[in-house]
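Chemist: turn this into a structure:
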Amino acid sequence: MIDILTISSDPAHASAVAHAIETGESHHRVRTSTASLADLCASNEALDGVGLLIFEGTQLTQQDFDALATITARHTDLSCVLLAPSPSAELLMRAMRAGVKDVQPWPADPHDLRHAVERIAAKANGLRRDGRVISFVSCKGGSGTSFLAANLAFAASIAGKRALLIDLSQQFGDAAFLVSEITPPATLADVSAQIERLDPAFLEACLTRVSDSFDVLAGAPDPARAKDIKPEHVQRILNLVRPLYDFVIFDIGQSISHVTIVALDHSECIFPVLQLSLPYLRAARRLLEIFRSLGYRGDKVRVLVNRYEKKGPVGLQELEKALSLRVSGVIPEDDASVSASINQGVPILRLAKSSGVAKSLNELMRSLSPPPVIERAGILQKFFARPALSRA
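Modeler: Residues are numbered from 1 along each chain as shown. This is a model prediction of the structure:
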């Protein structure tokens with residue numbers, strides 16, 4: 001979250017820019033002003049605390065560019081975005097030299113403007129944008145979904161990533177207790193009941209802090225409270241947390257509903273969790289049919305076999321043939337280590353880091369290592385990315 005000042009000689013234009021930013025529910029603090037760049041340059045306090053200056057430049061003069069250069073030299077932490085109709089190459093060059101970080105067309109496209117603002121805000125706060133969303137879904141009760149989701153989030157944290165586990169299970173959500181003995185200060189149901197208060201400070205007060213880089217938003221304590229969680233609540237929470245975490249991991253449980261579909265739609269990959277037995281196989285086939293009906297592509301759904309034993313009643317090849325889908329990973333059977341982890345509320349990668357389960361979770365985490373982030377280029381980046389013209 002950053003403080004934004006948007007200026008224009010036309011108050012309606014400044015208000016329109018502010019409205020476009022606020023519509024994105026990003027919780028940035030936005031102010032508007034009719035001050036000129038020269039006015040801001042002359043004031044010692046006008047830009048105190050401002051992290052982003054957005055200004056309309058329909059008719060910029062040399063005096064404006066001089067004032068802008070002075071402002072950016074004086075306020076080194078300030079980012080500037082210029083809104084200009086059909087900016088010329090000369091204007092782009094002068095804007096860059098004066099310290100402008102991005103140029104957007106005017107009238108502004110709300111989606112592109114919000115994208116530019118979030119990119120600048122993430123860099124200003126030293127945060128990674130667009131945390132990768134992962135969901136774990138139970139094919140059948142007892143598959144071990146909550147355990148795997150919670151411990152994969154911990155694996156992400158010890159791999160140097162910031163991870164948030166959101167317990168979206170509809171049945172007595174207790175995923176937090178699988179990795180911590182701390183009683184959660186609040187639950188997802190509590191946050192939903194006060195969704196109008198949602199901002200980074202309120203969310204932080206509601207999270208269970210497992211470690212410096214691993215937090216849990218605990219699940220509703222019972223099915224009755226879970227009914228208070230609405231799809232729009234999950235969407236608003238996701239909008240807030242994705243710029244704050246590298247991984248946002250959902251424990252979906254068995255429920256496929258309008259609420260959980262929000263998480264599934266945003267997920268980069270979905271792990272249906274099952275064990276090698278005929279009841280799980282039948283349940284997995286039904287779940288995969290649901291995913292296909294929702295339009296989820298094949299590479300988004302990655303089957304995960306838990307409590308794997310080579311001599312189980314169903315083999316991996318039989319499973320893949322029945323599901324028409326390759327198994328993406330297996331977690332070996334290790335009842336002693338898993339039971340100790342659950343009973344003590346300690347992540348298995350901390351309690352038994354040399355166990356087969358811990359090694360498989362680390363391997364799964366490595367498979368999810370994010371590719372290099374390719375950011376959408378603004379007008380300035382696109383201009384300077386053009387190949388140089390050859391000279392005769």
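Chemist: secondary structure class for D64?
Modeler: helix (DSSP: H, G, I helix; E, B strand; the rest coil).
Chemist: can you pull out the strands in the stretch 151-300 of the chain?
Modeler: 163-167, 208-211, 214-217, 247-253, 269-274 (DSSP state E, counting those that start in this stretch).
Chemist: give me the pLDDT for L349.
Modeler: On the pLDDT scale, L349 is placed at 96.
Chemist: confidence score at the spatially most central residue of the chain?
Modeler: Nearest to the mean C-alpha position of the chain, by Cα atoms, centre = their mean, lies R242 at 2.1 Å. Looking at R242, its pLDDT stands at 88.
Chemist: for the residue lying closest to it once chain neighbours are set aside, give me its contacts.
Modeler: Excluding the flanking residues, the one nearest R242 by Cβ to Cβ, 6 or more residues apart in numbering is G131, at 4.4 Å. Bear in mind the C-beta positions are built from the backbone N, C-alpha and C, glycine included. Contacts for G131 (Cβ atoms under 8 Å, 6 or more residues apart in numbering) come out as 162, 164, 241-248.
Chemist: out of those, which two sit at the greatest distance?
Modeler: Pairwise distances among these were taken by Cβ to Cβ; the largest, 12.8 Å, belongs to P243 and F247.
Chemist: who has more neighbours out of the two?
Modeler: Higher neighbour count among P243 and F247: F247, with 25 against 19, using other Cβ atoms under 10 Å.
Chemist: from what I see, the more buried one and F154 are in contact.
Modeler: No - using Cβ atoms under 8 Å as the test, F247 is too far from F154 to be in contact (10.8 Å).
Chemist: give me the common contacts of those two.
Modeler: With Cβ under 8 Å, 6+ apart, F247 and F154 have common neighbours A163.
Chemist: comparing the strands of the stretch 151-300 of the chain, which comes out most buried?
Modeler: strand 163-167 (a mean of 29; mean count of other Cβ atoms under 10 Å).
Chemist: just give the strands next to it in its sheet, each with its orientation.
Modeler: In the sheet, strand 163-167 lines up against strand 214-217 (parallel), strand 247-253 (parallel) (DSSP bridges).
Chemist: would you list those strands in TSV and tack on mean pLDDT and distance to T58?
Modeler: What follows is the strands paired with strand 163-167, written out as TSV (pLDDT from 0 to 100; distance: least, Cβ to Cβ, whole Å):
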stretch	mean pLDDT	distance to T58
strand 214-217	96	45
strand 247-253	96	40
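Chemist: can you lay out those strands as JSON lines showing distance to P347?
Modeler: Formatted as JSON lines, the strands paired with strand 163-167 follow (distance: least, Cβ to Cβ, whole Å):
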{"stretch": "strand 214-217", "distance to P347": "9"}
{"stretch": "strand 247-253", "distance to P347": "13"}
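Chemist: of those strands, give the one that comes closest to I54.
Modeler: The closest of those to I54 is strand 247-253. By Cβ to Cβ, the value is 28.3 Å.
Chemist: okay, the closest one in CSV with CA atoms only?
Modeler: Only the C-alpha atoms of strand 247-253 are listed here, as CSV (Å, rounded to 0.1, in the frame of the first residue of the first chain):
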residue,chain,number,x,y,z
PHE,A,247,2.7,-18.5,-2.7
VAL,A,248,-0.9,-18.4,-1.6
ILE,A,249,-1.9,-22.0,-0.9
PHE,A,250,-5.6,-23.0,-0.4
ASP,A,251,-6.7,-26.1,1.5
ILE,A,252,-10.0,-26.6,-0.3
GLY,A,253,-11.1,-29.9,1.4
